[in-house]
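1. The sequence and its predicted three-dimensional model are supplied below.
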Amino acid sequence: MRFIRTEIPDVVICEPIVHGDARGYFVETFRQDRLEEFLGFKIDFCQDNESKSSRGVLRGLHYQLAPSAQTKLVRVIQGKVLDVAVDIRKESPTFGKHVAVELTGENKRQLLVPRGFAHGFIVLEDDTIFAYKVDNYYSPENDRGIAFDDSDLGINWQVDSSSLNLSAKDKIQPRLEETNDLFEYGVNYYE
């Protein structure tokens with residue numbers, strides 16, 4: 001597995017090695033020891049989640065407050081998404097900036113979205129299956145979000161807004177500047 005730091009260095013692309021032949025392929029999708037060696041700290045994933053969506057479904061931008069903050073390791077099993085991580089760590093040099101990476105069933109790329117980031121994705125193909133690991137259990141009382149269409153974030157979701165399919169919750173999320181529930185830059189949320 002190869003690890004690539006993005007323009008926001010804490011967000012990491014994970015590229016597995018795909019071994020293919022006439023019979024199909026084999027891919028090692030996760031190696032905790034190699035990921036921890038690259039990151040320089042221990043991470044314990046405790047829950048796997050999966051969703052299936054049609055083209056135009058937008059999920060996000062979501063995050064969990066401490067002590068329920070989550071690191072996510074996301075991937076697409078089938079189909080295609082544009083996956084987005086937004087830095088919501090106050091005083092961070094990249095606060096309010098985002099990384100957008102195309103994840104597909106073909107490219108097998110994964111994105112590590114650390115604690116202190118809001119996460120979302122737009123589905124670009126029908127019947128897309130999206131899967132992810134988290135290192136903390138979901139906590140409804142710590143569940144938060146940011147408006148996907150906050151103009152200050154400048155995210156190009158690559159789909160016409162009239163084609164978007166959003167949950168009721170995601171239609172009413174606050175803009176980043178209206179959000180008081182953010183992370184402090186420099187705090188170790190992994191202890």
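-> Yes, it's here. The structure displayed is predicted, hence computed values, not measured ones.
2. can you confirm residue 100 is in a strand?
-> Yes - secondary structure of residue 100 (DSSP: H, G, I helix; E, B strand; the rest coil): part of a strand.
3. okay, now it: neighbour count?
-> Residue 100 has 18 neighbouring residues, counting by other CB atoms under 10 Å. Where C-beta positions appear, they are placed from N, C-alpha and C, glycine not excepted.
4. Need the pLDDT of the residue lying farthest from the centre of the chain.
-> For the chain, the largest distance from the centre (CA atoms, centre = their mean) belongs to residue 22, which lies 32.8 Å off. Per-residue pLDDT puts residue 22 at 95.
5. roughly how far apart are it and residue 29?
-> 22 Å (CB to CB, to the nearest Å).
6. ok, now residue 124?
-> Distance from residue 124 to residue 29, by CB to CB: 21 Å.
7. more neighbours, these two?
-> Neighbours per residue, other CB under 10 Å: of residue 124 and residue 29, the larger number sits with residue 124, 20 against 14.
8. Correct me if wrong: the more buried one contacts residue 76.
-> No - if you go by CB atoms under 8 Å, residue 124 and residue 76 don't touch, sitting 9.6 Å apart.
9. Pull up the overlap in contacts between these two.
-> Shared contacts of residue 124 and residue 76, defined by CB atoms under 8 Å, 6 or more residues apart in numbering, are absent.
10. what separates the top helix by length along the chain from the chain centre, distance-wise?
-> Criterion DSSP state H: the longest helix present in the chain is helix 32-39. Relative to its parent chain, helix 32-39 has a centroid offset of 18 Å by CA atoms, centre = their mean, to the nearest Å.
11. What strands flank the helix or strand following it, and is each parallel or antiparallel?
-> Once the chain leaves helix 32-39, the next helix or strand it forms, by DSSP states H and E, is strand 47-53. Using DSSP bridges, strand 47-53 pairs in its sheet with strand 128-134 (antiparallel).
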